[in-house]
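# Need a 3D model of the sequence below.
(chains A, B, C and D)
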Protein chains: 2
Amino acid sequence: MDAFSPAERLAVHGAQPMPLYHQIFQVLRQKIERGELRHGEFLPSEIVIAEQLGVSRVTVKRALDELEASELVDRKRGRGTQVTFRYEPKMLRAPLTSMLESLSVMGRETSVSVLSFARVGAPAHVASTLKIPLGAPVDRAVRVRSNAALPFAYYVSHTLPLGDGFNAKSLKSHPRLELFQMLGVRLREVDQIITASAASAEIASALDVPLSTALLQLTRIYIDANHCPVDHLLGFYRPDRFQYHMHLTAPERRR
Amino acid sequence: MDAFSPAERLAVHGAQPMPLYHQIFQVLRQKIERGELRHGEFLPSEIVIAEQLGVSRVTVKRALDELEASELVDRKRGRGTQVTFRYEPKMLRAPLTSMLESLSVMGRETSVSVLSFARVGAPAHVASTLKIPLGAPVDRAVRVRSNAALPFAYYVSHTLPLGDGFNAKSLKSHPRLELFQMLGVRLREVDQIITASAASAEIASALDVPLSTALLQLTRIYIDANHCPVDHLLGFYRPDRFQYHMHLTAPERRR
DNA sequence: CACTATTTGTCCGTATGTATG
DNA sequence: TCATACATACGGACAAATAGT
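Below is the predicted model:
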């Protein structure tokens, strides 16, 4: 039985500016981290992999050595290469539907650090969503949220000036939505856009992932009781430590 | 003023088994595709970039040539390197909250092709979510959804056997949810999990993106009126062609 | 018009990394 | 392990096009 799909075989050769051994490493790592190759399972021998992928044995060996260095497999001469990584379904889940629960739940079980806070001129995408002139003053905050000392979310927020109560110090001690409430902002609506993007350099280092890792990206616009957008939040989430969860029930039909 | 953040400077050196010139290419491409470097803007000269990143000029040149080959910039000797890519906010948006609207909207404006259809034994993650024994028979379908001939979604579905009406042919001509209804399945609940993942070889070729591109990933479990899960759907979406959108309104408080 | 500074294009030689048999 | 071939990265040097003085 073949261990590699035709597409995987092609992908390993496709004139990519990346060493062959590392391409093979990536394909195998993905199989292990996704749970396709489970804990305890043996990989095919170096020779078999080399034949199936059409590369030399030395190249495969290097890829497997890299896997071992990443502590995903165990290799022993005469025995083979065995998966040691234990696949487990993801971790933290948050509801996406309700506006405020997430605040209380997340606030208690996770911690936030403020990387930067400053009054800046609104960049284009913020100005247009907040319906203010380009360059109008807004408070920009960059924060990282962690669960048990493991960072999983990176936030960049732009907020209309709310007064002195909204600053780096108060952000460190209070959840943002709580601050909004204390400062007299009555939130009524939220617009959310969900997509994915590759980790940029800053985000990659803040979340402790390799450059260009796939991240869940959420844009959230808070709108107050006067239908004025007051806050633009851009969030990036590590998919292995966080995911959104929703449960929907359809209305019963004519009974 | 510096064109590169400290993090970007570090990211370009981090002992990655990827050619330097390609790392630089990726950083710059990201800046352009995200709209940080706008249409018409000039990049710093090769020498300036080389100094800021601490690499040789030839290496920078290669990265810029790669950008030009990707049709993101225009290069002219004596003039410099100018961005030609026009940044525009994303395209197709779908509501995530309701169960059925998306069907009618998406069904009309997009087309689906069936890549494969077969009765298979349930793999572990499907068996556990559908609450059936490992290896129990299910219908596995792989499909690609396109908008104006541009593929944007890749689906892998596992469905409990519903009878002869559910096959490759009927899938090609009817939306899945319509088939469910025709076959007497009354859907009442949906469980959705949203996350992100890197494009595998198969998915990358089907969606026409490079390997390891960041994709939006959606797991959707359909549950019928008897609270039995009947279908497990795994969807991967190109973030540049599709994103989810939600609008929430908070209940008015004591007035 | 010439002159100059800037910027990209091209070439060389060398050292190191990658991939094969 | 070794020899071979090719890609990557460096620093340097010079040519050619552009824009401004």
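
# Quick check: pLDDT value at the nearest residue to A:S5 once chain neighbours are set aside.
In space, and not counting its chain neighbours, A:S5 is closest to B:E202: 6.1 Å by Cβ to Cβ, 6 or more residues apart in numbering or on different chains. C-beta: built from backbone N, CA, C; applies to glycine. The model reports B:E202 with a pLDDT of 88.

# cool, and A:T219?
Turning to A:T219, the model gives it a pLDDT of 93.

# tell me which element it is part of?
Take DSSP states H and E as the rule and A:T219 turns out to sit in strand A:214-224.

# Run the angle between that strand and strand B:214-224 for me.
Using axes from the mean of the first three to the mean of the last three Cα atoms, to 10 degrees, the inter-axis angle of strand A:214-224 relative to strand B:214-224 is 70 degrees.

# and strand A:214-224, C-alpha only, in CSV?
Extracted C-alpha coordinates of strand A:214-224, given in CSV (Å, rounded to 0.1, in the frame of the first residue of the first chain):
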residue,chain,number,x,y,z
ALA,A,214,-1.5,29.4,9.1
LEU,A,215,-3.5,31.5,11.6
LEU,A,216,-7.2,32.1,12.2
GLN,A,217,-7.9,35.8,11.6
LEU,A,218,-10.8,37.7,13.0
THR,A,219,-11.8,41.2,12.4
ARG,A,220,-14.3,42.6,14.9
ILE,A,221,-16.0,45.9,14.8
TYR,A,222,-17.9,47.1,17.8
ILE,A,223,-20.8,49.5,17.3
ASP,A,224,-22.5,51.5,20.0
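
# and it, what does it pack onto?
In terms of contacts (3 or more Cβ pairs under 8 Å, 6 or more residues apart in numbering or on different chains; DSSP states H and E), strand A:214-224 is packed against strand A:187-198, strand A:229-237, strand A:242-249, strand B:187-198, strand B:214-224.

# buried set for that strand?
A:A214, A:L215, A:L216, A:Q217, A:L218, A:T219, A:R220, A:I221, A:Y222, A:I223, A:D224 (16 or more other Cβ atoms under 10 Å in any protein chain shown).

# what about the closest residue to the second one other than its chain neighbours, how many residues close to it?
Taking Cβ to Cβ, 6+ apart, and ignoring the residues beside it in sequence, A:L215 has A:F236 as its nearest neighbour in space, at 4.6 Å. Applying other Cβ atoms under 10 Å in any protein chain shown, we find 27 other residues in the vicinity of A:F236.

# ok, now A:R176?
Around A:R176 there are 21 other residues, counting by other Cβ under 10 Å.

# any idea how far the closest residue to it other than its chain neighbours is from DNA strand C?
Spatial nearest neighbour of A:R176, excluding adjacent residues (Cβ to Cβ, 6+ apart): A:S157 at 7.1 Å. The gap separating A:S157 from DNA strand C is 35 Å, by Cβ to the nearest atom of the strand, to the nearest Å.

# Next: A:S128.
31 Å.

# again, but for A:D74
According to Cβ to the nearest atom of the strand, A:D74 and DNA strand C sit 23 Å apart.

# In TSV: the buried residues of strand A:214-224, plus distance to A:Q23.
Compiled in TSV, these are given as follows (distance: Cβ to Cβ, whole Å):
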residue	distance to A:Q23
A:A214	17
A:L215	22
A:L216	25
A:Q217	26
A:L218	31
A:T219	33
A:R220	37
A:I221	40
A:Y222	43
A:I223	46
A:D224	50
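
# Would you mind splitting chain A into its domains for me?
Chain A breaks down by automatic domain parsing into domains covering A:6-83, A:92-245.
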